[in-house]
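Colleague: Provided below for reference: sequence and predicted model.
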Amino acid sequence: MTEPDAVTIAFSRSGASLHAVVRGPGTYENTVTYWRRIAAALRERRTSSLLLVDETTGAPLSAEEWKALVEAMQARAWSKCASRT
């Protein structure tokens, strides 16, 4: 059973493409969580493309929240690159 505020992701694969269906409340925290989980799945499965179906509910993220999300994901990507050198 999932918690009411939890986000769920159903992954499947079609050829070289990863499909992800995301459900749950569309909060900033959940959006960061699901993008981190998707990024990990892309690395693990070594796929070349992603089809994301976003079925989250609630108000959309603000422009400031989207900017913060992109910056957080970029910082995470850079830190992973730096740790490999």
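Modeller: Cool, got the structure.
Colleague: contacts only, for the residue nearest the centre of the chain.
Modeller: Per CA atoms, centre = their mean, the C-alpha nearest to the average position across the chain is that of residue 35, at 1.5 Å. By CB atoms under 8 Å, 6 or more residues apart in numbering, the contact list for residue 35 reads 69, 73. All C-beta atoms are positioned from the backbone trio N, CA, C, and that covers glycine.
Colleague: can you give me the strands for this protein?
Modeller: Ranges of strands in the chain, per DSSP state E, are 8-14, 17-25, 49-57.
Colleague: residues near residue 43, how many?
Modeller: Under the neighbour criterion other CB atoms under 10 Å, residue 43 is assigned a count of 10.
Colleague: can you give me the pLDDT of it?
Modeller: On the pLDDT scale, residue 43 is placed at 89.
Colleague: got the contact list for it?
Modeller: Under the criterion of CB under 8 Å, 6+ apart, residue 43 has no contact partners.
Colleague: how much space is there between it and residue 57?
Modeller: For residue 43, the distance to residue 57 equals 28 Å [CB to CB, to the nearest Å].
Colleague: wait, residue 20 sits on residue 49?
Modeller: No - contact status for residue 20 versus residue 49: not in contact, 11.3 Å apart, counting by CB atoms under 8 Å.
Colleague: between these two, which has more neighbouring residues?
Modeller: Set residue 20 next to residue 49 and count neighbours by other CB under 10 Å: residue 20 wins out with 19 against 11.
Colleague: now do that one against residue 62, distance only.
Modeller: Separation of residue 20 from residue 62 (CB to CB) stands at 23 Å.
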